[in-house]
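# Here is my input, please return the structure:
(chains A, B, C and D)
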Number of protein chains: 2
Amino acid sequence: MLENIQELIDQYIDLSFSVHRKGESLIRDQIGSDLTNDQHYILRYISQAKSCTSSELAEEFDVKKSAITAIINRMWEKGLVERTRDEKDRRVVYLTLTDKGNQLYVDCEERIYKLVESFIKKFDPKEIKQFLETYKKLNQILIESKDYKVEE
Amino acid sequence: MLENIQELIDQYIDLSFSVHRKGESLIRDQIGSDLTNDQHYILRYISQAKSCTSSELAEEFDVKKSAITAIINRMWEKGLVERTRDEKDRRVVYLTLTDKGNQLYVDCEERIYKLVESFIKKFDPKEIKQFLETYKKLNQILIESKDYKVEE
DNA sequence: CGTTAATAGTTAACTAGTTGAATAATTAAT
DNA sequence: ATTAATTATTCAACTAGTTAACTATTAACG
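Below is the predicted model of the structure:
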């Protein structure tokens, strides 16, 4: 049985807030000012998926489709993404990166890798692997309890 | 030496994004619709500090003071926080929670505790402690490298 | 077949959070 | 006493999110 469960929870909430905030801030500084963090994550997702739809992004990022439309519009204005209609099902629009988008992604990743690499060196490899294992488990639990409600 | 350092970094980025997004979403559902996540964190901070200033919040949350002013304005309109001028140094404004703010905080925390508690049960206590240790270390490194720049 | 559902995406109005620049009020420095 | 610096605010402009209404298209099925 855990003692001080309340303390653990407080620690986790404070840490997760702080780490996320400071991590985002570092990445923002690192990737330069022309791309917001959200746009970077979208860039990242499309790059890895090669091609995807608005619905897919909305599902993945847990936001409404209209929010995706807005963010894609801004990235489209910057010449980073392309929209192509599916000829079979003309409701569907495929999102892909332009050459400029791809290049920007590669540049960002290189910088982020250097950044995270310099941090990773400060940890024991075993410690990192254990950390990631637990993190992965936590993520899985969060996914499974998407519509979880604590009973009153 | 770590093999597949690139893969580890990718894993971490994807996980931290996903966990944060889904965690925030769960907390938002849990605390009800009248408080945004950011407002909840501010509420939390002021409650624990008893009293604080805008500058302190801006420093802690890593945003400009004008952003804090805006958030505090919205919370003030909801009757959650009070502003009191320091009589010694009349530039300073102290922020404290009203009774309503305190009550809301207590209610939110109770719900969040129940939520996190139900998740914590799914982990080995030892695993949690190790996880938090590494997380704490990561946070410390992030704090220390606030203005870190990767050399080109 | 034709009408009704459902799906994919967009648009518009609104709220929240953020920055940056300008400002007001006050205190510190010399 | 004048100039600096500090604390907080206001304002304009922007990103990101929601809800609701809408368009266009496809699916369902009597």
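# worst-scoring helix or strand of chain A, pLDDT-wise?
helix A:5-31 (a mean of 87; mean pLDDT, DSSP states H and E).
# helices or strands up against that one?
helix A:37-49, helix A:99-120, helix B:5-31, helix B:99-120, helix B:125-144 (3 or more C-beta pairs under 8 Å, 6 or more residues apart in numbering or on different chains; DSSP states H and E). The C-beta positions use only the backbone N, C-alpha and C, and glycine is treated the same way.
# quick one: is the third one near DNA strand C?
No: legend: contact between helix B:5-31 and DNA strand C by C-beta under 7 Å from any atom of the strand is lacking; minimum distance shown is 10.6 Å.
# Name the residues of that helix that come out as buried.
B:5, B:8-10, B:12-24, B:26-27, B:29-31 (16 or more other C-beta atoms under 10 Å in any protein chain shown).
# Thought A:L104 was touching A:R44, still the case?
No: the criterion here is C-beta atoms under 8 Å, and A:R44 misses it with A:L104 at 10.7 Å.
# Looking at these two, which is more packed in?
A:L104 (24 against 18; other C-beta atoms under 10 Å in any protein chain shown).
# which parts of chain A sit against DNA strand D?
Counting by C-beta under 7 Å from any atom of the strand, chain A sits next to DNA strand D at A:36-39, A:61-64, A:66-67, A:70-71, A:74, A:88-91.
# how close does the residue nearest to A:T69 when sequence neighbours are not counted get to chain B?
Using C-beta to C-beta, 6 or more residues apart in numbering or on different chains and skipping the chain neighbours, the partner closest in space to A:T69 is A:S54 (6.3 Å). The gap separating A:S54 from chain B is 17 Å, by C-beta to the nearest C-beta, to the nearest Å.
# How much space separates A:S54 from B:T69?
According to C-beta to C-beta, to the nearest Å, A:S54 stands 35 Å off from B:T69.
# So between those two, which is more surrounded?
The neighbour comparison of A:S54 against B:T69 (other C-beta under 10 Å) goes to A:S54, with 19 against 14.
# could you list every residue that touches the more buried one?
A:65, A:68-69, A:72, A:93, A:95 (C-beta atoms under 8 Å, 6 or more residues apart in numbering or on different chains).
# again, only using 10 Å
Neighbouring residues of A:S54 by C-beta atoms under 10 Å, 6 or more residues apart in numbering or on different chains: A:65-69, A:71-72, A:83, A:92-95.
# what would those residues look like in JSON lines with distance to B:K121, secondary structure and pLDDT?
Listed next are those as JSON lines, based on distance: C-beta to C-beta, whole Å; DSSP: H, G, I helix; E, B strand; the rest coil; pLDDT from 0 to 100:
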{"residue": "A:K65", "distance to B:K121": "35", "secondary structure": "helix", "pLDDT": "98"}
{"residue": "A:S66", "distance to B:K121": "37", "secondary structure": "helix", "pLDDT": "98"}
{"residue": "A:A67", "distance to B:K121": "34", "secondary structure": "helix", "pLDDT": "98"}
{"residue": "A:I68", "distance to B:K121": "35", "secondary structure": "helix", "pLDDT": "98"}
{"residue": "A:T69", "distance to B:K121": "40", "secondary structure": "helix", "pLDDT": "98"}
{"residue": "A:I71", "distance to B:K121": "37", "secondary structure": "helix", "pLDDT": "98"}
{"residue": "A:I72", "distance to B:K121": "40", "secondary structure": "helix", "pLDDT": "98"}
{"residue": "A:R83", "distance to B:K121": "46", "secondary structure": "strand", "pLDDT": "98"}
{"residue": "A:V92", "distance to B:K121": "42", "secondary structure": "coil", "pLDDT": "98"}
{"residue": "A:V93", "distance to B:K121": "43", "secondary structure": "strand", "pLDDT": "98"}
{"residue": "A:Y94", "distance to B:K121": "43", "secondary structure": "strand", "pLDDT": "98"}
{"residue": "A:L95", "distance to B:K121": "40", "secondary structure": "strand", "pLDDT": "98"}
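# ok, and which of the residues you listed reach DNA strand C?
A:65-66, A:68-69, A:72, A:83, A:92-94.
# Would you list the buried entries among those residues?
For these, a burial check counting by 16+ other C-beta under 10 Å picks out A:68, A:72, A:94.
# now, among the residues you listed, which is nearest to DNA strand D?
Taking C-beta to the nearest atom of the strand as the measure, DNA strand D lies nearest A:I68 of these, at 7.2 Å.
# dump the residue contacts of the closest one.
A:42, A:53-61, A:95.
# do you know how far it is from B:R91?
Distance of A:I68 to B:R91, given as C-beta to C-beta: 44 Å.
# List the backbone torsions phi and psi for A:L97.
Dihedral pair for A:L97: phi -90, psi 140, per degrees, to the nearest 10.
# State the number of residues packed around A:A49.
Residues lying near A:A49 (other C-beta under 10 Å) number 15.
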